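> All I have is the shape, not the residue letters:
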């Protein structure tokens with residue numbers, strides 16, 4: 001795991017999937033701190049920042065020392081790193097998209113340009129010259145909703161420091177937010193696409209979410225995946241404009257999302273897909289997952305003594 005600090009539930013599901021296949025799964029997570037919750041189920045390796053020029057070489061060294069078979073990124077900064085590791089570790093299963101597309105999707109301004117070029121429905125996107133309010137400004141390299149600001153006054157928007165470092169779009173006040181958890185095989189087959197409503201979010205992470213079978217969202221997700229030739233776990237973010245009854249693409253994260261647990265318990269066998277593909281075993285599409293599966297999260301403490 002790259003940045004799997006809080007993904008204890010997913011690690012448990014991977015281990016359960018391994019048992020079904022007759023394997024014992026060992027979890028190793030590459031982190032900046034040793035005292036992170038994943039330590040209760042796996043080994044934590046303290047490593048370098050994703051921006052460190054030596055991080056890829058360090059992860060490659062750790063992977064060889066630990067006899068790693070699979071590498072999964074869990075945070076945005078680790079996606080590009082995993083893509084780079086893929087070329088240096090051909091014997092390791094790293095289900096991520098190509099480096100160049102991962103890099104562009106991580107930049108919100110660049111991603112919006114790609115979405116428009118591929119004729120994907122997105123909110124109206126502004127430049128400094130044509131901006132209108134209400135508007136939402138998102139840091140172009142931000143994650144977990146950090147730094148997002150909403151403006152109702154055009155002068156305040158124009159006064160935003162380093163405005164060129166933000167993606168500025170129309171702010172849709174009456175909305176619902178949806179995530180679609182997908183998995184794409186290494187041959188490009190879309191194995192599953194599960195929409196779920198983001199009911200409650202705490203610190204950018206969903207704490208309450210429910211699956212819904214929305215054919216329009218599932219079809220839009222397939223279009224996005226095909227447009228960018230994505231692979232492995234993919235998390236798509238959409239907004240439902242309630243006033244105009246339209247779905248709009250917000251973000252494409254070519255990695256596992258934190259709320260994917262809900263989709264897995266709804267029946268999408270994503271941990272099985274990862275392990276089976278790593279083992280070279282056949283995988284079958286899953287569309288019989290259960291709608292109206294609701295996940296409500298709670299906090300649980302992990303204690304470290306000196």
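Structure received. The structure presented is a predicted model; accordingly, all values stated were derived computationally and were not measured.

> The chain: strands as residue ranges?
For the chain, the strands defined by DSSP state E cover 28-31, 43-46, 125-126, 135-139, 149-151, 166-170, 175-184, 190-202, 205-211, 232-241, 246-253, 294-296.

> Now render these as CSV, adding mean neighbour count.
Placement of C-beta: from N, CA and C, glycine included. Below are those laid out as CSV (neighbours: other C-beta atoms under 10 Å):
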stretch, mean neighbour count
strand 28-31, 22
strand 43-46, 15
strand 125-126, 18
strand 135-139, 20
strand 149-151, 15
strand 166-170, 22
strand 175-184, 23
strand 190-202, 19
strand 205-211, 19
strand 232-241, 22
strand 246-253, 20
strand 294-296, 15
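
> list the contacts for residue 172?
123, 239, 241, 243, 248 (C-beta atoms under 8 Å, 6 or more residues apart in numbering).

> ok, what's across the strand from the last one?
By that I understand residue 248. Counting by DSSP bridges, residue 248 forms beta bridges with residue 239.

> gap between it and residue 193?
The gap separating residue 248 from residue 193 is 17 Å, by C-beta to C-beta, to the nearest Å.

> Contacts only, for the closest residue to residue 169 other than its chain neighbours.
Excluding the flanking residues, the one nearest residue 169 by C-beta to C-beta, 6 or more residues apart in numbering is residue 123, at 4.3 Å. By C-beta under 8 Å, 6+ apart, the contact set of residue 123 is 169, 170, 172, 239, 248, 250.

> Residue 68 now?
So residue 68 contacts 28, 62, 89, 92 (C-beta under 8 Å, 6+ apart).

> For PyMOL, write a command that selects the buried ones of those residues.
In PyMOL syntax, the buried subset of these is picked out as below (16 or more other C-beta atoms under 10 Å):
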select buried, resi 28+89+92
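
> export the contacts of residue 68 to JSON lines and tack on distance to residue 127?
Formatted as JSON lines, the contacts of residue 68 follow (distance: C-beta to C-beta, whole Å):
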{"residue": "28", "distance to residue 127": "45"}
{"residue": "62", "distance to residue 127": "43"}
{"residue": "89", "distance to residue 127": "41"}
{"residue": "92", "distance to residue 127": "42"}
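
> In helices, which of the contacts of residue 68 fall?
The helices, defined by DSSP state H, take in residue 62 from the contacts of residue 68.

> now for the contacts of residue 68, which pair is the farthest apart?
Greatest spacing in these, by C-beta to C-beta: 28 and 89 (13.8 Å).

> Helices along the stretch 1-150 of the chain, start to end?
8-20, 55-65, 76-88, 99-106, 108-117 (DSSP state H, counting those that start in this stretch).

> Lowest average pLDDT across the ones you listed?
Among the helices of the stretch 1-150 of the chain, helix 99-106 carries the lowest mean pLDDT, a mean of 90.

> Buried residues of that one, list them for me.
Result for helix 99-106 [16+ other C-beta under 10 Å]: buried residues 99, 101, 102, 105, 106.

> Find the nearest non-adjacent residue to the last one, please.
Nearest residue to residue 106 in three dimensions, chain neighbours excluded: residue 76, at 5.7 Å (C-beta to C-beta, 6+ apart).

> Next: the first one.
For residue 99, ignoring the flanking residues on the chain, the nearest one in space by C-beta to C-beta, 6+ apart is residue 83 at 3.8 Å.
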